[in-house]
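Visitor: task: produce atomic coordinates for the following.
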Amino acid sequence: MIHRLAALVAFGVLLWPPGAGARRPARDVYCSGAYANDLAVLAAHVRKQEARTRYTFCLRSAAVYECLYFGPSGKIRYRRETTTSHGTAFAFRRSGTHTYFLTNEHLTDWPFVTSAANAVDGVPSGCRRVSQTLSIVDKEDDGYAKDDIPLQRVLADTALDVSVLKAPVQVAVIPFAFGQSAALQVGNAVQVRGFPLGALQTVSVGRVINPREHDTEGQWDHYDFVTDAQLSTGNSGSPVLAVSCKTQRFELVGVYHAAYKEGQSLNVVVGIDEFRELMTTLKPRKKRPRGQPEPTAADRRNLLDQIRRQAITPVFPYGAHVVGLRVAGDRLLYDIYPRSFPLGDWRLAVLEELPAPGFGRLGRLWFGNEQGLAERAFSTLKPDEQHRVASLLRSLRRYVFAVLRYRKLEPAAKLTRLAHEQLQALKRGLDREDAERRFAIKALVELAGRHAPGPNQTGQPVGVTTTPPAGSATKGEGRKAKP
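Guide: This is a model prediction of the structure:
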């Protein structure tokens, strides 16, 4: 039986020191990066919008199992066992008469056959699943089924522990932009809204205590961040929000999915950078091309060093266009030129990549034309535009290192058969992915057409991209539990 809990929500209070003189804005005190270290930075009207918009719902997941046993006479008998669990789902998109929801995969998929490794509470080992259902209910003890909302699974990704669902209803969707989990830092404040224990809707607050943790528990394979927010069973699938220092608005930065069993306030959140593609395309993720591992921080340092020493020519062909690389401090700038380059010397776009755990993360973004550049914040782009930009940046990273490997192998290919075969295999891989690169650059051209300076606007010169951004400053097996 679930005991009723009193929800205690702590809100940050900003206390100004006494004395005469101008007071420093909250964002100056608590903002040293992309996201704020205190919820006091949140704009008042955004706080009201968050309070009056219901976009999180109690998710009920039920399964029926058929179990085999022997009766008193020794004959085989069958019985059915029903089991249920509760968690959180949040609405993120409306399309026609349907609404799409996001939650955790471990809430939506029951084991096909129960076993010691795939145990289900109240169901013996060796039982076979015969059906499973998903629905939105008022809360855990809601016994009135007539107003429940049935859900249909659109897709699920076990490695990410993420599922997308849809229902034939129209409800409010999360009113905030998608952010970047790679931009989170230790100390950033986060807010989590969900249904702990399936008992009631609550809001919890906490801080990021580890911004990047590779989660390989069981079948999971993704990057989490860790927060000390007080969360419970039933919070699984809850959206996690952080306050943008630039806009003073909430941004979605992840979805809570697990906690360390023996820890206290060690809750892990799947970063939005991991599942943005699923939310945007509503299709399974594309598998990473073989032979193209993700570049590392060491690869980044080596690349920046080679560009500074002029040890490489930082210009690369990319889908009938040319991409150039520049270094400004510890930042890497990707210049995407028009097809008329080098006759036309302007930029379709400039992508700034900042150092971050792993290889790096997207910083500022400019779109351009013959009139110059216009800066656009990543969070102001539509979700599908964010996905295109993020996918382009990942593609550019991998492609740059593939080209550099090609250039390194080319001289040796005339000397040894092994180097020749490696070079040919690399070239075949690059040729296979050329269509994908052409599609990515075509999407960028369309974005530039929408976001570059208008006919009556004066764009910024390329030199603005070299200035530093404002406010910049130079687990063992079985340890996590699914709430």
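Visitor: ranges for the helices of the stretch 201-350 of the chain?
Guide: Counting by DSSP state H, counting those that start in this stretch, the stretch 201-350 of the chain has these helices, from start to end: 272-281, 297-308.
Visitor: could you check how far the longest one is from the centre of its chain?
Guide: Think helix 297-308. For helix 297-308, the separation from the chain centroid amounts to 26 Å (computed by CA atoms, centre = their mean, to the nearest Å).
Visitor: just the CA atoms of that helix, as CSV, please.
Guide: Below are the C-alpha coordinates for helix 297-308, written out as CSV (Å, rounded to 0.1, in the frame of the first residue of the first chain):
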residue,chain,number,x,y,z
ALA,A,297,38.9,14.7,-26.4
ALA,A,298,42.5,13.5,-27.2
ASP,A,299,41.6,13.6,-30.9
ARG,A,300,40.2,17.1,-30.5
ARG,A,301,43.4,18.3,-28.8
ASN,A,302,45.5,16.8,-31.6
LEU,A,303,43.4,18.3,-34.3
LEU,A,304,43.6,21.8,-32.8
ASP,A,305,47.3,21.4,-32.4
GLN,A,306,47.8,20.4,-36.1
ILE,A,307,45.7,23.4,-37.3
ARG,A,308,47.7,25.8,-35.1
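Visitor: can you offset everything so residue one is 30?
Guide: Got it, the first residue is 30 from now on, which makes the last one we talked about helix 326-337.
Visitor: tally of neighbours for Leu444?
Guide: Applying other CB atoms under 10 Å, we find 9 residues neighbouring Leu444. Any C-beta I mention is one placed from the backbone N, CA and C, and that applies to glycine too.
Visitor: oh sorry, the question was meant for Thr496
Guide: Count around Thr496 with other CB under 10 Å applied: 11.
Visitor: same check on Asp171?
Guide: Count around Asp171 with other CB under 10 Å applied: 16.
Visitor: so it touches Asp177, yeah?
Guide: Yes: using CB atoms under 8 Å as the test, Asp171 is close enough to Asp177 to be in contact (7.5 Å).
Visitor: the helix or strand harbouring Lys195 packs against which elements?
Guide: For Lys195, the element it lies in under DSSP states H and E is strand 191-196. Judged by 3 or more CB pairs under 8 Å, 6 or more residues apart in numbering; DSSP states H and E, strand 191-196 is in contact with strand 127-132, helix 134-137, strand 181-186, helix 301-310.
Visitor: overlap of the contact sets of Asp171 and Asp177?
Guide: The contact sets of Asp171 and Asp177 overlap at Arg89 (CB atoms under 8 Å, 6 or more residues apart in numbering).
Visitor: can you give me the strands for the stretch 30-179 of the chain?
Guide: 85-99, 105-124, 127-132, 157-166, 178-179 (DSSP state E, counting those that start in this stretch).
Visitor: may I have the first one exported as CSV, CA atoms only?
Guide: Provided in CSV are the C-alpha atoms of strand 85-99 (Å, rounded to 0.1, in the frame of the first residue of the first chain):
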residue,chain,number,x,y,z
THR,A,85,3.3,15.3,-17.5
PHE,A,86,1.0,12.3,-16.8
CYS,A,87,0.8,9.1,-14.8
LEU,A,88,1.7,6.1,-17.0
ARG,A,89,0.2,2.7,-16.2
SER,A,90,1.9,-0.3,-17.8
ALA,A,91,0.2,-3.7,-17.4
ALA,A,92,1.1,-7.2,-18.5
VAL,A,93,-0.6,-10.6,-18.4
TYR,A,94,1.5,-13.7,-18.0
GLU,A,95,0.6,-17.3,-18.6
CYS,A,96,2.2,-19.6,-16.1
LEU,A,97,2.5,-23.4,-16.2
TYR,A,98,2.2,-25.6,-13.1
PHE,A,99,1.2,-29.1,-12.1
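Visitor: in it, which residues are buried?
Guide: Under the neighbour-count criterion of 16 or more other CB atoms under 10 Å, strand 85-99 has 85-90, 92-94, 96 buried.
Visitor: what is the nearest of the residues you listed to Pro343?
Guide: Checking the buried residues of strand 85-99 against Pro343 by CB to CB gives Thr85 as the nearest, at 46.0 Å.
Visitor: just checking, the closest one touches Phe130?
Guide: No: the criterion here is CB under 8 Å, and Thr85 misses it with Phe130 at 9.4 Å.
Visitor: which residues are in contact with both of those two?
Guide: With CB under 8 Å, 6+ apart as the test, Thr85 and Phe130 both reach 118-119.
Visitor: mind pulling up the pLDDT for Met30?
Guide: pLDDT, Met30: 34.
Visitor: on that earlier part again, can you put the helices and strands packed on strand 191-196 in a markdown table and add distance to His243 and mean neighbour count?
Guide: What follows is the helices and strands packed on strand 191-196, written out as a markdown table (distance: least, CB to CB, whole Å; neighbours: other CB atoms under 10 Å):
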| stretch | distance to His243 | mean neighbour count |
| --- | --- | --- |
| strand 127-132 | 22 | 22 |
| helix 134-137 | 18 | 24 |
| strand 181-186 | 16 | 16 |
| helix 301-310 | 11 | 21 |
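Visitor: mean pLDDT and distance to Arg467 for those - can I get that in TSV?
Guide: Converted to TSV, these look like this (pLDDT from 0 to 100; distance: least, CB to CB, whole Å):
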stretch	mean pLDDT	distance to Arg467
strand 127-132	97	29
helix 134-137	94	33
strand 181-186	95	26
helix 301-310	94	18
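Visitor: any chance of these in a markdown table with distance to Gly155 as columns?
Guide: Putting these into a markdown table (distance: least, CB to CB, whole Å) gives the following:
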| stretch | distance to Gly155 |
| --- | --- |
| strand 127-132 | 28 |
| helix 134-137 | 21 |
| strand 181-186 | 24 |
| helix 301-310 | 33 |
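Visitor: confirm that Leu452 lies within a helix, as I assumed.
Guide: Yes: Leu452: assigned to a helix according to DSSP: H, G, I helix; E, B strand; the rest coil.
Visitor: against Arg434, how distant is it?
Guide: Using CB to CB, to the nearest Å, one gets 9 Å for the distance from Leu452 to Arg434.
Visitor: who's more crowded, the two?
Guide: Ranked by neighbour count (other CB under 10 Å), Leu452 and Arg434 place Leu452 first, with 19 against 16.
Visitor: and the more buried one, what pLDDT?
Guide: With respect to pLDDT, Leu452 has a value of 89.
Visitor: any idea how far the closest residue to Ser408 other than its chain neighbours is from Ala271?
Guide: In space, and not counting its chain neighbours, Ser408 is closest to Ala206: 4.2 Å by CB to CB, 6 or more residues apart in numbering. Remark: distance between Ala206 and Ala271 (CB to CB) = 11 Å.
Visitor: tell me which helix or strand Arg479 sits in.
Guide: Per DSSP H and E: helix 463-480 holds Arg479.
Visitor: just the CA trace of the strand holding Lys195, in CSV.
Guide: The C-alpha trace of strand 191-196 is given here as CSV (Å, rounded to 0.1, in the frame of the first residue of the first chain):
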residue,chain,number,x,y,z
VAL,A,191,13.6,5.7,-24.2
SER,A,192,10.2,5.0,-25.7
VAL,A,193,7.9,7.2,-27.8
LEU,A,194,4.1,6.7,-27.4
LYS,A,195,1.1,8.2,-29.0
ALA,A,196,-2.6,8.6,-28.1
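Visitor: packing partners of the helix or strand following it?
Guide: Once the chain leaves strand 191-196, the next helix or strand it forms, by DSSP H and E, is strand 206-207. With contacts taken as 3+ CB pairs under 8 Å, 6+ apart, strand 206-207 sits against strand 279-289, helix 301-310.
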